[in-house]
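Q: Structure for the following, please:
(3 chains)
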Amino acid sequence: MSQAVVDRLNAQFGERVLETSDAFGDHEVRVALKDWAELAQFTKDDADLQMDHFIDLTAVDYPERESARFDLVLMTRSSVTGARIRLRTHVKDGEEPGTLSGIWSGANWAEREVWDMFGIRFNGHPDMRRILLYEEFVGHPLRKDYPIDKAQPLVPYRDVDTIDKLPPFGIEEGQPFARIDWESRLAGADSQVSPALGVQQGQRRTLSDSEAAQQIQARIEAQMAKRAEAAQASEETSEEGSEE
Amino acid sequence: MEPADDLLNEMAALEISADPMRLNMGPSHPAMHGTIRMVIDLDGETLINLDVQPGYLHRGFEKSCERGTWSQVFPYADRLNYVSPMLNNVGWALAVEKLLRIEVPERCQYYRVILGELARIADHFTCNGASAMELGAFTPFLWLLKVRDWVWDILERETGARMTHSFGRIGGMAAPPTATFKDDVLRLIPEVHKVVKETEIMLLRNRIFLDRMQGVGVLTKEQALSYGVTGPMARSTGIPYDVRKDHPYLVYDRFDFDVPVGEDGDNWDRFMVRLEEIRQSVRIIEQAIEQMPDDGPINVDDPRVIFPEKSDVYTTIEATIAHFKLVMEGLRTPKGEVYSFTEGGNGELGFHIVSDGSGTPYRVRVRPPCWYNLAASREMLLGGMIADIIPTFGSVNMIGGECDR
Amino acid sequence: MGQLKVIDGGGEVAVTTRLSDLLQWARKWSLFQYPFVTACCGMEFMATAAPRYDIARFGAEAPRFSPRQSDVLWVVGTISQRQGPAVRRIWEQMADPKWVIAFGTCASCGGFYDNYTTIPGVDKVIPVDVYIPGCPPRPEAVLDALMLLQDKIQANDRKPVVVPPRLVPERAPGRTGEGDS
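A: I've put the predicted structure just below:
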């Protein structure tokens, strides 16, 4: 990271640079969304900066922030000077930042990933498809309000009850993870201490409260009942056998 | 008129369909290590269009990290680049340590360097062996895997696991080096040199191997920069960028080692850069073993971060409480955002972490080197033959866990 | 093999058995495998095929990358929801008799990838014969699984099994020497 880049951008753009920071030694410049592509282009073209090495483009979701929901973060490096810079902008839900894929080719896939994971579309992107997930997927998983356990299977799961090949471990086995409850957090109830402590304090649901868990519980009970029935039936037959 | 001419004229008159043929490679293709799907348009044997579709191993790394404590990320980080898990462990530990503004003791830094370089050797063994195997040279693959098992033996003695160690800790390592650590590594080094030499003898003058590797899958320097390519693949195009040299972390600035750089950016250069990097890693290990102190603490002396001694936990109330808080709440990090990057097996492995001051990461973004390396592979393959996909893809060394996360 | 009868006469020895037993015996020693390698476990799968563990000793070294020619489907590694249709299709293409081995925790039950994108065990999509626990399992466990499968084939037993743990404390690798002093 380099202070020189920040100074150069400050000198060139003046008030259009909204905020600069060097926390933890990472130099950062925040710009408005309308200046996003222009500033990025400048960092690459300017003879002093020459940020020609694309490093990364990603987003962060702040659902409780009112001004703009997402942070869009771009990291680049100069192969000439070795300087690094992080550009940041705020994006509201539904806004479309200009694409950077014409400036750095690597931004093509990075922007597709941001669309896939956060649902930020990029204006002018040549190929705005999902990349990590499949087209049938509904929603954007890295948004904080997407529940982590909400799977969308492409093939229907086998109904193990009707098939002779049962898995040798029961469905009740496995580790229930405590999960961050974003609904209550947005309502101000959850200060995200830690998953386990949140459960203790009643701020957070555990898996056992969820609908899925209730279904599983119902299935377990049904299975147990079936097993008990079978055991009873076999006992009866054995008793009959002994009587004979 | 001669019969042959007759035939030619007839052929010329015939309308032969010249439509491109669409083929589907993957997601489970035998000659590609890693799951990926390629939809290719072929004109004869020439690739005229190509759509690379990653994502078949998307396991939700970034989402999973947001629900545990900071230290619970280690097992997930292990399985990013599962060919060199130790490098990911160290990368994650360094990222959180940057956020906490702590530095581990010197002995631990050397320990991390040596274990990391051993992992890098294993990584390059696997990559080079597999790309040779995919071209039909099975012997070097078996030889390299034989020595990789010896590397893993050392890692197993140190960490308890062959592959997925989860050995890193924030502020140190899970355990100090074993008593025989240095001897074990020193005994391994001649074997590494030997097997690299053997591989060279087997492959470097093999006509078939040369023809499949040289001049195939060329990536230019400008393309590499623009795509964000790093690591051995960037160095093969002539970009001398190595995080260990350009932005030294741990104690890499104390070692004397070279950064091998290629010229053409073809498969051959990538193969040779990796082979040479094995030798350079050995050089680093030799120097590190010499400089590494035999005594001294391995963990930072900071009760906010490091677990208390187990014997204390059972006997004193302070240690019990400290242990309980570290386990149940996780260690607290300051609020902020850092980007920390190390040289992974495939290039710059970066962790961009956002902390909201709690015991759980708010957002973890890993910058996967493979992801951008793979993005560039379209440029390298277009216009080539369909058979060239295999060696090119092998030398890109796409690792599913890291690429798709 | 099941029922064996040895007939000894005139210096020649003949062994008779049931045809089905002979068939099962032939099957168990010539398993053609389809490695459906997706993730980390693939590294240990490579190690199992490599000289030290040498899966060839069990007649199962020949990988067939066409499901139509293979008997055993190794599901090696995490199966994501996106991968589900592919693994299902491959299993459907295999000719009977076919067996499936779930290699590693992810393939068995999803492991710690308890999230939106991972199928919690490949047995949600296809039936599995042998489960190998471990993340990743050691090559010894893989060989155990193979032998277990061979026993199952010989006994014509289709009940799924989990590879049991094997404790050999005196051969356990690791940090010996510490704590002794």
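
Q: low pLDDT regions in chain A?
A: Applying pLDDT under 70 to chain A flags the ranges A:1, A:159-217, A:238-244.

Q: what about the helices in chain C?
A: Secondary structure of chain C by DSSP state H: the helices cover C:19-28, C:41-49, C:84-93, C:105-109, C:139-155.

Q: ugh, typo on my part, it should be the stretch 251-400 of chain B
A: Counting by DSSP state H, counting those that start in this stretch, the segments of the stretch 251-400 of chain B that form helices are B:267-291, B:310-315, B:317-328, B:369-375, B:377-381, B:389-396, B:400-403.

Q: Figure out how far the shortest one is from the centre of its chain.
A: Translated: helix B:400-403. 9 Å (Cα atoms, centre = their mean, to the nearest Å).

Q: Which among the helices of the stretch 251-400 of chain B is found nearest to chain C?
A: Set against chain C and scored by Cβ to the nearest Cβ, the helices of the stretch 251-400 of chain B come closest in helix B:400-403, at 5.7 Å. Where you see a C-beta, it was placed from the backbone N, CA and C, and this is true even at glycine.

Q: got the contact list for residue C:128?
A: A:165, A:167, C:75, C:100-102, C:108, C:121-122, C:160 (Cβ atoms under 8 Å, 6 or more residues apart in numbering or on different chains).

Q: cool, residue B:216 as well?
A: Residue B:216 neighbours (Cβ under 8 Å, 6+ apart): B:266-268, B:384, B:388, B:391-392.

Q: ok, now how distant is the residue nearest the centre of chain A from chain B?
A: By Cα atoms, centre = their mean, the mean C-alpha position of chain A lies nearest to residue A:142, the distance being 1.7 Å. Distance, residue A:142 to chain B, by Cβ to the nearest Cβ, to the nearest Å: 6 Å.

Q: got the phi/psi numbers for that residue?
A: Main-chain dihedrals, residue A:142, degrees, to the nearest 10: phi -90, psi 0.

Q: Of the helices of the stretch 251-400 of chain B, which is nearest residue A:10?
A: Closest to residue A:10 of the helices of the stretch 251-400 of chain B, according to Cβ to Cβ: helix B:369-375, at 29.2 Å.

Q: contacting residues for the residue lying closest to residue B:397 once chain neighbours are set aside?
A: Spatial nearest neighbour of residue B:397, chain neighbours left out: residue B:127 (4.4 Å); criterion: Cβ to Cβ, 6 or more residues apart in numbering or on different chains. Residues in contact with residue B:127 (Cβ under 8 Å, 6+ apart) are B:83, B:274, B:345, B:394-395, B:397.

Q: returning to what we had before: neighbour-wise, which of the contacts of residue B:216 leads?
A: Among the contacts of residue B:216, the one with the most neighbours (other Cβ atoms under 10 Å in any protein chain shown) is residue B:267, at 28 neighbours.

Q: residues touching it, list them.
A: B:131, B:212-214, B:216-217, B:391-392, B:394-395.

Q: need the contact list for the residue nearest to residue B:331 when sequence neighbours are not counted.
A: Once flanking residues are discounted, residue B:331 sits nearest to residue B:305: 5.3 Å by Cβ to Cβ, 6+ apart. By Cβ under 8 Å, 6+ apart, residue B:305 lies in contact with B:100, B:102, B:170-171, B:331.

Q: domain assignment for the chain?
A: As the question left the chain open, I've gone with chain A. Domain segmentation of chain A under automatic domain parsing yields A:3-118, A:160-243.

Q: let's do chain C instead
A: C:1-30, C:31-165.

Q: Tell me the buried residues in the shortest one?
A: Which is domain C:1-30. When neighbours are counted by 16 or more other Cβ atoms under 10 Å in any protein chain shown, the buried residues of domain C:1-30 are found to be C:21, C:24-25, C:27-28.

Q: of these, closest to chain B?
A: Chain B lies nearest to residue C:27 out of these, by Cβ to the nearest Cβ, at 23.0 Å.

Q: Report pLDDT for the closest one.
A: Per-residue pLDDT puts residue C:27 at 84.

Q: and what of residue B:181?
A: 88.

Q: what residues are up against residue C:119?
A: Counting by Cβ under 8 Å, 6+ apart, the residues that residue C:119 touches are A:151, A:153, C:79-81, C:83-84, C:110, C:125.

Q: how near is residue B:359 to residue B:332?
A: As judged by Cβ to Cβ, to the nearest Å, residue B:359 and residue B:332 stand 6 Å apart.

Q: what residues does chain C put near chain B?
A: Contacts of chain C with chain B, taken as Cβ under 8 Å from any Cβ of the partner chain, map to C:36-40, C:42-44, C:46-47, C:50-52, C:63, C:65, C:77-78, C:80, C:82-83, C:86-87, C:90, C:112-118, C:135-136, C:138, C:173-175, C:177-178.

Q: can we see that at 7 Å?
A: C:36, C:38-40, C:42-44, C:46-47, C:50-52, C:65, C:78, C:80, C:82-83, C:86, C:90, C:112-113, C:115-118, C:135-136, C:138, C:173-175, C:177 (Cβ under 7 Å from any Cβ of the partner chain).

Q: Among those, name the buried ones.
A: For those, buried by 16+ other Cβ under 10 Å: C:36, C:38-40, C:42-44, C:46-47, C:50, C:78, C:80, C:82-83, C:86, C:90, C:112-113, C:115-118, C:135-136, C:138, C:175.

Q: so what pLDDT did the nearest residue to residue B:367 once chain neighbours are set aside get?
A: Distance criterion Cβ to Cβ, 6+ apart; nearest residue to residue B:367, sequence neighbours excluded, is residue B:350 at 3.4 Å. Per-residue confidence at residue B:350 stands at 90 (pLDDT).

Q: could you measure residue B:350 against residue B:238, distance?
A: Taken as Cβ to Cβ, the span from residue B:350 to residue B:238 is 22 Å.

Q: More neighbours: which of these two?
A: Neighbours per residue (other Cβ under 10 Å) separate residue B:350 from residue B:238, with residue B:350 holding more: 23 against 15.

Q: bridging residues for that one?
A: residue B:341, residue B:367 (DSSP bridges).

Q: so who does residue A:72 touch?
A: Under the criterion of Cβ atoms under 7 Å, 6 or more residues apart in numbering or on different chains, the neighbours of residue A:72 are A:59, A:88-89, A:91, A:97, A:120.

Q: What subset of those is buried?
A: Buried, going by 16+ other Cβ under 10 Å: A:59, A:88-89, A:91, A:97, A:120, out of those.

Q: Show me which pair in these is furthest apart.
A: Longest span within these, Cβ to Cβ: A:88 and A:120, 13.7 Å.

Q: ok, back up a step: among the contacts of residue B:267, which two are most distant?
A: Farthest pair in these, by Cβ to Cβ: B:214 and B:394, 14.6 Å.

Q: Is it correct that residue B:49 falls within a helix?
A: No: Residue B:49: not assigned to a helix; according to DSSP: H, G, I helix; E, B strand; the rest coil it is strand.

Q: ok, back up a step: could you tell me which of the buried ones among the residues of chain C next to chain B are located in strands?
A: The strands, defined by DSSP state E, take in residue C:36 from these.

Q: quick one on the thing from earlier: more neighbours: residue B:214 and residue B:394, which one.
A: Taking neighbours as other Cβ under 10 Å, residue B:214 and residue B:394 compare with residue B:394 leading, 28 against 14.

Q: doesn't residue B:134 make contact with the more buried one?
A: Yes: checked against Cβ atoms under 7 Å, the pair residue B:394 and residue B:134 is within contact range at 5.1 Å.

Q: check contacts around residue B:59.
A: With Cβ under 7 Å, 6+ apart, residue B:59 has these contacts: B:405, C:78, C:80, C:113, C:117-118.

Q: swap the cut-off to 8 Å and go again
A: With Cβ under 8 Å, 6+ apart, residue B:59 has these contacts: B:79, B:401, B:404-405, C:39, C:78, C:80, C:113, C:115, C:117-118.
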